[in-house]
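1. got a structure for you, letters missing:
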């Protein structure tokens, strides 16, 4: 138990000492070099549970609610987010929030990419996570129902397909 607490303390120190800055610098570099329309945001209202996000912004979706004759209210599209979040134990969770349009169903559940110890997070990983983020946004934007159903696994798979 004592070593787990020491790890948590060390992980938090590593976040403050170099990891936070490394994540911010790499995300800013990705935005600059890729032309991605996104901003890096530091969420630091809770010390020890800080987070850094690459936020793809919010804008009008092109969908409007007709409020009354000639009056339309634009629905806002939130563009998604790549999040690096300190966990309570000092490890880092990396996940993607999908884009969504307010008032049109529920947002898709976030996608957990990985949980890592601070020393495991390298610059090359940040680039890989950014690529996964862009893929997730692209997949959401290009949604259609023409995709083949996922293959089932389990005992009743064949029986279900015969019915």
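-> Perfect, thanks for sending it. For clarity, every value in this text was computed on a predicted model and none was experimentally measured.
2. measure how buried the residue nearest to residue 78 when sequence neighbours are not counted is and give me the count.
-> Excluding the flanking residues, the one nearest residue 78 by CB to CB, 6 or more residues apart in numbering is residue 58, at 4.8 Å. Bear in mind the C-beta positions are built from the backbone N, C-alpha and C, glycine included. Residue 58 has 12 neighbouring residues, counting by other CB atoms under 10 Å.
3. residue contacts, residue 58?
-> 76-79 (CB atoms under 8 Å, 6 or more residues apart in numbering).
4. so it versus residue 31, what's the distance?
-> 16 Å (CB to CB, to the nearest Å).
5. how many other residues sit next to residue 141?
-> 11.
6. repeat for residue 48
-> 13.
7. just the element for the residue lying closest to it once chain neighbours are set aside, please.
-> Among residues not flanking residue 48 along the chain, residue 12 sits closest, at 5.8 Å (CB to CB, 6+ apart). Secondary structure from DSSP states H and E places residue 12 in helix 2-14.
8. got the contact list for that helix?
-> Residues from elsewhere that reach helix 2-14 (CB under 8 Å, 6+ apart): 48, 86, 88-91, 117-119.
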